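>>> Sequence and predicted structure below; questions after.
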Amino acid sequence: MDGDRQGWRSCVLAGAVFAVCMAGTTLPTPLYGLYQEKFGFSELTVTVVYAVYAFGVIGVLLLAGNASDTVGRRPVLLAGLGFAAASAVCFLCATGLGWLYAGRLLSGLSAGLFTGAATAYVMELAPEGGASRATFVATAANMGGLGCGPLLAGVLAQYAAWPLYLPFLVHLALVACSAAVLLLLPETVRARRPWSTVRPQRPGLPAQVRAVFPPAAIASFVGFALFGVFTSVSPAFLAQSLDVHNHAVSGLVVALAFFASTAGQLAVGRIGVGRSLPLGCVGLFTGLALLAGALRWDLLALVVLSALVGGAGQGLAFRGALAAVAAASPPDRRAAVISTLFVVAYAGISVPVIGVGLLVGPIGLEGAGLVFIACMAALVATAFGYLLRRPVRAHT
């Protein structure tokens with residue numbers, strides 16, 4: 001009993017460290033308008049600055065996504081916290097666009113090291129038989145942390161001094177506390193090797209994972225694409241089309257999507273993986289339709305509903321995808337396989353977002369958003385049909 005209590009305590013503490021790291025990746029979201037005023041760049045530049053983060057994540061996942069399987073979870077996570085701290089310093093020192101690119105790239109490197117390693121670490125720290133609850137802790141820490149970033153920055157930017165500095169100072173303090181916590185937690189990889197043995201991994205999957213990976217990957221791609229648009233261009237839409245200039249409100253709207261995702265993940269335990277993936281696709285499709293209505297009629301209520309419904313759908317789909325893939329993966333390849341899933345997910349954050357940025361100039365923000373929605377709706381409908389024909393079953 002005491003061992004179970006200690007295991008869950010370690011599991012939750014690791015989840016808190018995970019959340020702190022991910023909060024740093026979305027911290028600049030409600031601040032992009034202020035940076036635009038300060039440095040004078042376009043909406044396309046905003047999407048590129050945002051997407052640089054995703055390229056950093058993908059690069060790390062491909063080059064070192066399996067590093068924690070080799071050198072241990074804690075060394076990789078400590079390195080991730082180091083990159084998170086360096087990212088915050090770049091934003092604190094920002095005197096031009098180059099600092100923002102550097103900060104976002106370092107933030108991506110941090111998230112890339114954390115995604116696979118922290119997810120596996122949280123699940124391994126849980127007591128035996130706690131796989132379902134541990135999966136929720138990991139995915140909730142990921143999405144909850146992403147939601148806390150814009151909320152924290154928005155509130156501080158609106159109601160406190162130094163809007164472009166205080167959020168990053170607070171995050172630096174949280175990163176320092178997280179490093180101290182991490183040093184107290186146990187290592188879960190027993191057969192560790194030096195960093196020199198880490199080799200880049202090619203995208204690939206063990207044979208036993210291939211049957212469940214396609215629908216999991218499609219659902220993850222669409223869900224993260226929806227989040228990518230929310231976090232990169234929704235503050236601009238709120239300001240330009242709805243005349244909402246309150247940074248706290250902008251941060252809250254983005255945060256709602258991530259918090260709704262956490263609620264959707266919590267529901268998977270009762271719904272089951274087999275049903276959560278198709279239901280998640282339905283939620284994503286509905287969220288996209290609501291977002292289309294918001295763009296067409298300039299209604300804040302529809303933006304909020306889109307965040308809630310689309311976020312819940314993303315949570316259902318993503319936790320179901322993660323549970324299915326993790327359950328099918330051999331233990332010595334789990335972090336690498338999870339990293340591969342995140343490569344697909346972060347491709348969803350980067351490529352469609354840059355596409356929206358490229359279209360804003362010729363057809364406007366509304367037109368670019370509607371093109372994005374049409375493409376993602378077609379993709380999620382295809383995924384839904386795939387899942388109806390080939391249901392995914394896994395332990396949650």
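All right, it came through fine.
>>> Mind listing what's buried along the strand or helix carrying A117?
Secondary structure from DSSP states H and E places A117 in helix 97-125. Buried residues in helix 97-125, counted by 16 or more other Cβ atoms under 10 Å: 99-125. All C-beta atoms are positioned from the backbone trio N, CA, C, and that covers glycine.
>>> between the longest helix anywhere in the chain and helix 97-125, how many degrees?
For the chain, the longest helix by residue count, based on DSSP state H, is helix 334-389. Here helix 334-389 runs at an angle of 90 degrees relative to helix 97-125 (axes from the mean of the first three to the mean of the last three Cα atoms, to 10 degrees).
>>> Which strands or helices does helix 334-389 pack on?
helix 43-64, helix 67-71, helix 97-125, helix 213-240, helix 273-297, helix 300-328 (3 or more Cβ pairs under 8 Å, 6 or more residues apart in numbering; DSSP states H and E).
>>> Which residues does stretch 249-261 contact?
26, 29-30, 33, 143-144, 146-155, 157, 223, 226-227, 230-231, 234-235, 238-239, 244, 303-304, 307-312, 314-315, 318 (Cβ atoms under 8 Å, 6 or more residues apart in numbering).
>>> Sorry, slip of the keys, the one I care about is stretch 367-381.
With Cβ under 8 Å, 6+ apart as the criterion, stretch 367-381 contacts 218-219, 221-222, 225-226, 229, 233, 237, 281, 284-285, 288-289, 291-292, 295-296, 352, 355-360, 363.
>>> Quick one: buried ones out of those?
Here, 16+ other Cβ under 10 Å leaves 218-219, 221-222, 225-226, 229, 233, 237, 281, 284-285, 288-289, 291-292, 295, 352, 355-357, 359-360 buried among the contacts of stretch 367-381.
>>> where does this structure dip in pLDDT?
Low-confidence segments of the chain (pLDDT under 70): 1-3, 201-204, 335, 392-396.
>>> for stretch 298-317, the distance to its chain's centre please.
Taking Cα atoms, centre = their mean, to the nearest Å, one finds the center of stretch 298-317 at 16 Å from the center of the full chain.
>>> Going by neighbour count, list what's buried in it.
302-317.
>>> swap in stretch 315-331?
For stretch 315-331, by 16+ other Cβ under 10 Å, it's 315-329.
>>> Just the C-alpha atoms of it, please, in CSV.
Provided in CSV are the C-alpha atoms of stretch 315-331 (Å, rounded to 0.1, in the frame of the first residue of the first chain):
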residue,chain,number,x,y,z
GLY,A,315,-8.7,14.8,-26.1
LEU,A,316,-10.8,11.7,-26.8
ALA,A,317,-8.9,11.0,-30.0
PHE,A,318,-5.5,11.7,-28.6
ARG,A,319,-5.6,9.7,-25.4
GLY,A,320,-7.2,6.8,-27.3
ALA,A,321,-4.4,7.0,-29.9
LEU,A,322,-1.7,7.1,-27.2
ALA,A,323,-3.2,4.3,-25.2
ALA,A,324,-3.6,2.1,-28.3
VAL,A,325,0.0,2.8,-29.5
ALA,A,326,1.6,2.4,-26.1
ALA,A,327,-0.2,-0.9,-25.4
ALA,A,328,0.9,-2.4,-28.7
SER,A,329,4.6,-1.3,-28.3
PRO,A,330,7.3,-3.5,-26.9
PRO,A,331,8.7,-2.0,-23.6
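>>> Kindly provide the distance from V181 to T119.
17 Å (Cβ to Cβ, to the nearest Å).
>>> Could you do L146 as well?
14 Å.
>>> Would you format the helices and strands packed on helix 334-389 as CSV with distance to C11 included?
Supplementary listing: those in CSV, determined by distance: least, Cβ to Cβ, whole Å:
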stretch, distance to C11
helix 43-64, 23
helix 67-71, 16
helix 97-125, 4
helix 213-240, 23
helix 273-297, 20
helix 300-328, 15
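>>> Q6: which of these is closest?
helix 97-125 (9.5 Å; Cβ to Cβ).
>>> what angle separates that closest one from helix 300-328?
Using the same axes, to 10 degrees: helix 97-125 against helix 300-328 is 50 degrees.
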